[in-house]
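**Student:** Structure for the following, please:
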Amino acid sequence: MTQAPLEYGDKKKPTQAEKELKALIDKFKQLQNDRYEADYNVGKIWTRIEVKRTLDLADELFAMWRKLRKEKVAEYHLMSMFGARH
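**Tutor:** Okay, the predicted model is just below:
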């Protein structure tokens, strides 16, 4: 999700859906960083607060995606992750 470019209809005046998708992508990056840290930093001891924050972030992302998934910009972005162009 983070590697596919987000294409705006108008970069100077993004729609609400475009803004929300950008926020979702940014939060997804954080979730990916947490996953990477958990998988590869074997010396890290996760606190209960860190784990809860990460799980809450995942829940938030699922809720955001449920809200955005029917928007054209979200559909285009999803398909662009697989190489499609519109």
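
**Student:** tell me the mean pLDDT over stretch 75-86?
**Tutor:** On average, the pLDDT along stretch 75-86 is 76.

**Student:** and if you look at stretch 41-56?
**Tutor:** Average pLDDT, stretch 41-56: 96.

**Student:** Likewise for stretch 18-36?
**Tutor:** The model assigns stretch 18-36 a mean pLDDT of 93.

**Student:** after the longest helix anywhere in the chain comes which helix or strand?
**Tutor:** As assigned by DSSP state H, the longest helix anywhere in the chain is helix 16-40. Sequence-wise, the next helix or strand downstream of helix 16-40 (DSSP states H and E) is helix 48-68.

**Student:** what angle separates that following helix from helix 16-40?
**Tutor:** Helix 48-68 runs at 140 degrees relative to helix 16-40, counting by axes from the mean of the first three to the mean of the last three Cα atoms, to 10 degrees.

**Student:** The helix or strand just after helix 48-68 packs against which elements?
**Tutor:** Downstream of helix 48-68, the first helix or strand assigned by DSSP H and E is helix 72-80. Packed against helix 72-80 by the contact rule (3 or more Cβ pairs under 8 Å, 6 or more residues apart in numbering; DSSP states H and E) you find helix 16-40. Glycine gets a C-beta too; all of them are placed from N, C-alpha and C.

**Student:** Please work out the angle formed by the directions of the helix it packs on and helix 72-80.
**Tutor:** Angle of helix 16-40 versus helix 72-80, following the same axes, to 10 degrees, is 40 degrees.

**Student:** Just the buried positions in helix 16-40, please.
**Tutor:** Residues of helix 16-40 classed as buried: 17, 18, 20, 21, 24, 28, 31, 34 (neighbour count, 16 or more other Cβ atoms under 10 Å).

**Student:** Count residues in the vicinity of residue 65, would you?
**Tutor:** When counting by other Cβ atoms under 10 Å, one arrives at 15 neighbours for residue 65.

**Student:** Not counting sequence-adjacent ones, nearest residue to it?
**Tutor:** residue 24 (6.5 Å; Cβ to Cβ, 6 or more residues apart in numbering).

**Student:** Tell me who's in contact with the one you found.
**Tutor:** Contacts for residue 24 (Cβ atoms under 8 Å, 6 or more residues apart in numbering) come out as 61, 64, 65, 68.
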